[in-house]
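Colleague: Structure here, sequence nowhere to be found:
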């Protein structure tokens, strides 16, 4: 590791059990971020600053004035530009040693698998269930870890689906596609508390770094629920659903309600926001 890198990442290198080898894992990693809005914006900043070697930003939207309330990688001068290009420029300014790629094309649900070549981890920061379900299925089929986050109004949730592990649950265990495709909730209609979007995206970045480095205990088999009004965080277990249309074949357990904390399945913030 060069002297400049030792200095840039010195506050991570001081951590136990981190060290140069752990930092090198990040340098070699390739993360796909789907959605660079309210969640993807802070997540991408922290992943770039941490030294993730390659970041691919996937988002077809252009910057709107309403985005600037929470999409902190953007500036007023970016209004009207493609989000991925404006965000990529900001990330390169923050850390010119990494490779930032942009993909503004709309992806058909069946084509996500084609975008995962060479990718080590996917960050789901999007705002619609169709994309979330398609990403979940593609990552499950290709054995790629998926870090999912969502925020709407004052509520947020995060979970990690590490498909390198045989018995990991998937996003469809949490939200069966047949039950949720018609229940989209968009921040354009319902609003989103900006600092909570920043908190959620930042936590997604942290979970991604833990998965990529093997440091810590990621939210696999758990869902972190955040209440921005009461400042309460709680975690509930997520079990693999034997009836899941994506990963249910041969799964353990017999309860079709996979989220458990002593009660029924917990409601989340729906599809969330970009």
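Modeller: Looks like it came in fine. The structure presented is a predicted model; accordingly, all values stated were derived computationally and were not measured.
Colleague: what about residue 212, helix or strand, and which?
Modeller: helix 194-213 (DSSP states H and E).
Colleague: Show me what that helix is packed up against.
Modeller: Applying 3 or more CB pairs under 8 Å, 6 or more residues apart in numbering; DSSP states H and E, we find helix 194-213 packed against helix 19-28, helix 40-50, strand 121-124, strand 146-152, strand 155-161, strand 222-227. Any C-beta I mention is one placed from the backbone N, CA and C, and that applies to glycine too.
Colleague: Take these and lay them out in JSON lines including mean pLDDT.
Modeller: Output for these, formatted as JSON lines (pLDDT from 0 to 100):
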{"stretch": "helix 19-28", "mean pLDDT": "95"}
{"stretch": "helix 40-50", "mean pLDDT": "98"}
{"stretch": "strand 121-124", "mean pLDDT": "98"}
{"stretch": "strand 146-152", "mean pLDDT": "96"}
{"stretch": "strand 155-161", "mean pLDDT": "97"}
{"stretch": "strand 222-227", "mean pLDDT": "97"}
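Colleague: one step back: can you mark which positions in the helix holding residue 212 are buried?
Modeller: Of all the residues in helix 194-213, those buried under the rule 16 or more other CB atoms under 10 Å are 194, 196-213.
Colleague: Let me see the mean pLDDT of that helix.
Modeller: Throughout helix 194-213, pLDDT has a mean value of 98.
Colleague: repeat for stretch 243-258
Modeller: Here the average pLDDT along stretch 243-258 is 58.
Colleague: centroid residue for this structure?
Modeller: residue 123 (3.1 Å; CA atoms, centre = their mean).
Colleague: what pairs with it across the strands?
Modeller: residue 33, residue 147 (DSSP bridges).
Colleague: Residue 103 now?
Modeller: Beta-bridge partners, per DSSP bridges, of residue 103: residue 58.
Colleague: Isn't it up against residue 36?
Modeller: No - the pair residue 103 / residue 36 is not scored as a contact, 10.5 Å apart, by CB atoms under 8 Å.
Colleague: Please say which of those two ends up with more neighbours.
Modeller: Using other CB atoms under 10 Å as the criterion, residue 103 and residue 36 rank with residue 36 on top: 34 against 16.
Colleague: pLDDT score for the more buried one?
Modeller: Taking residue 36 on its own, its pLDDT is 97.
Colleague: Please report how far it lies from residue 56.
Modeller: As judged by CB to CB, to the nearest Å, residue 36 and residue 56 stand 10 Å apart.
Colleague: Not counting its own residues, what contacts stretch 208-220?
Modeller: 15, 17-18, 22, 25-26, 29, 31, 43, 47, 50, 52, 120-121, 123, 145, 147, 158-162, 165, 168, 207, 235 (CB atoms under 8 Å, 6 or more residues apart in numbering).
Colleague: Report the inter-axis angle for the helix holding residue 212 versus strand 155-161.
Modeller: With axes from the mean of the first three to the mean of the last three CA atoms, to 10 degrees defining the directions, helix 194-213 sits at 10 degrees from strand 155-161.
Colleague: now the angle between helix 19-28 and helix 194-213, please.
Modeller: Going by the same axes, to 10 degrees, helix 194-213 makes 110 degrees with helix 19-28.
Colleague: Would you mind listing which of the contacts of stretch 208-220 are buried?
Modeller: For these, buried by 16+ other CB under 10 Å: 22, 25-26, 29, 31, 43, 47, 50, 52, 120-121, 123, 145, 147, 158-162, 168, 207.
Colleague: So which bits of stretch 168-181 are buried?
Modeller: Result for stretch 168-181 [16+ other CB under 10 Å]: buried residues 168, 169, 170, 171, 172, 173, 174, 175, 176, 177, 180.
Colleague: and what of stretch 49-61?
Modeller: Per 16+ other CB under 10 Å, stretch 49-61 contains these buried residues: 49, 50, 51, 52, 53, 54, 55, 56, 57, 58, 59, 61.
Colleague: Would you mind checking which of those residues is nearest to residue 138?
Modeller: Nearest to residue 138 among the buried residues of stretch 49-61: residue 58, at 12.4 Å, using CB to CB.
Colleague: Hmm, residue 44 and that closest one touching each other?
Modeller: No - using CB under 8 Å, residue 58 is not in contact with residue 44; the gap is 11.1 Å.
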